[in-house]
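Peer 1: Below are the sequence and a predicted model; questions follow.
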Amino acid sequence: MKNRVITISREFGSGGRTIGKLVAKELGIPCYDNELLIKIAEESGFQENYIKEAGEYASGGFLSNIFSRREASPNNADYLWHIQYRIISELAEKGSCVMVGRCADYILKDKADCLKVFIHADVAFRAERIVKVYGEREESPEQRIRDKDKRRAAYHRFYTDMKWGHAQNYDLTLNSGTLGIDRCVDIIKGLY
């Protein structure tokens, strides 16, 4: 029997990480988020900050991705993808859990009894939330959101050939700005 796994994909600032951690805590199962970065860093020898950044960038530029085959010249991002793929698969085999980001929805689609969740919210909610959670920066919160979401979408598309954030790719999409963090947690727990 396959383990039950919840994967949380999320727009930047929507609270997806927080929701994932709360769901896992209430269900009494592990949540893998930054823990994945640590495991990938240990195995690859790369620094966690490098892995965090590389995990949201598709290999090469936009045009190079269109006109080249990624198998032709593997790079650090491809190497990290293979390690990430294996680690996520192994963790799902060990037991039920929550996985936040890192294309776990794609990686586990045939390997686990997977509830694939996408958390989103409007830009105003996310902008206010990232300032509260991560603080002010020189760049506007709205620009930070656009940049981060664009990188996540490109990375997801490059490695999965699926369109990030499209409802058809998930079992459940929740608007955390409308529903609130706690209600999202309750809904996911109920479906689990």
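Peer 2: Arrived safely, thanks for sending.
Peer 1: For the chain, which segments count as strands?
Peer 2: Taking DSSP state E as the test, the strands found in the chain are 4-10, 31-32, 97-100, 113-120, 172-175.
Peer 1: export the first one as CSV, just CAs?
Peer 2: Just to be clear, that refers to strand 4-10. Written as CSV, here are the backbone C-alpha positions of strand 4-10 (Å, rounded to 0.1, in the frame of the first residue of the first chain):
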residue,chain,number,x,y,z
ARG,A,4,-0.4,9.0,2.0
VAL,A,5,1.4,12.2,1.1
ILE,A,6,0.2,15.8,0.9
THR,A,7,2.2,18.0,-1.6
ILE,A,8,1.9,21.7,-1.2
SER,A,9,2.7,23.9,-4.2
ARG,A,10,2.2,27.6,-3.5
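Peer 1: about what we covered before: please tabulate the strands of the chain in TSV, including the columns mean neighbour count.
Peer 2: In this view, the C-beta of every residue, glycine as well, is placed from N, C-alpha and C. Shown next, in TSV, are the strands of the chain (neighbours: other Cβ atoms under 10 Å):
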stretch	mean neighbour count
strand 4-10	26
strand 31-32	22
strand 97-100	26
strand 113-120	22
strand 172-175	18
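Peer 1: For Val185, find the nearest of those.
Peer 2: Val185 lies closest, by Cβ to Cβ, to one member of the strands of the chain: strand 172-175, at 9.8 Å.
Peer 1: I'd like the strands of the chain written out as JSON lines, with distance to Thr160 and mean pLDDT added.
Peer 2: Conversion of the strands of the chain to JSON lines gives the following (distance: least, Cβ to Cβ, whole Å; pLDDT from 0 to 100):
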{"stretch": "strand 4-10", "distance to Thr160": "11", "mean pLDDT": "96"}
{"stretch": "strand 31-32", "distance to Thr160": "18", "mean pLDDT": "96"}
{"stretch": "strand 97-100", "distance to Thr160": "14", "mean pLDDT": "97"}
{"stretch": "strand 113-120", "distance to Thr160": "12", "mean pLDDT": "96"}
{"stretch": "strand 172-175", "distance to Thr160": "17", "mean pLDDT": "98"}
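Peer 1: Turn those into CSV, columns for distance to Glu142.
Peer 2: Shown next, in CSV, are the strands of the chain (distance: least, Cβ to Cβ, whole Å):
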stretch, distance to Glu142
strand 4-10, 17
strand 31-32, 28
strand 97-100, 23
strand 113-120, 15
strand 172-175, 18
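Peer 1: ok, and the closest non-adjacent residue to Lys2?
Peer 2: Asp113 (4.5 Å; Cβ to Cβ, 6 or more residues apart in numbering).
Peer 1: ok, Leu191 touching Leu172?
Peer 2: Yes - counting by Cβ atoms under 8 Å, Leu172 is a contact partner of Leu191 at 6.6 Å.
Peer 1: Residues in contact with both of those two, list them for me.
Peer 2: Leu115 (Cβ atoms under 8 Å, 6 or more residues apart in numbering).
Peer 1: Fine by me, we can end here.
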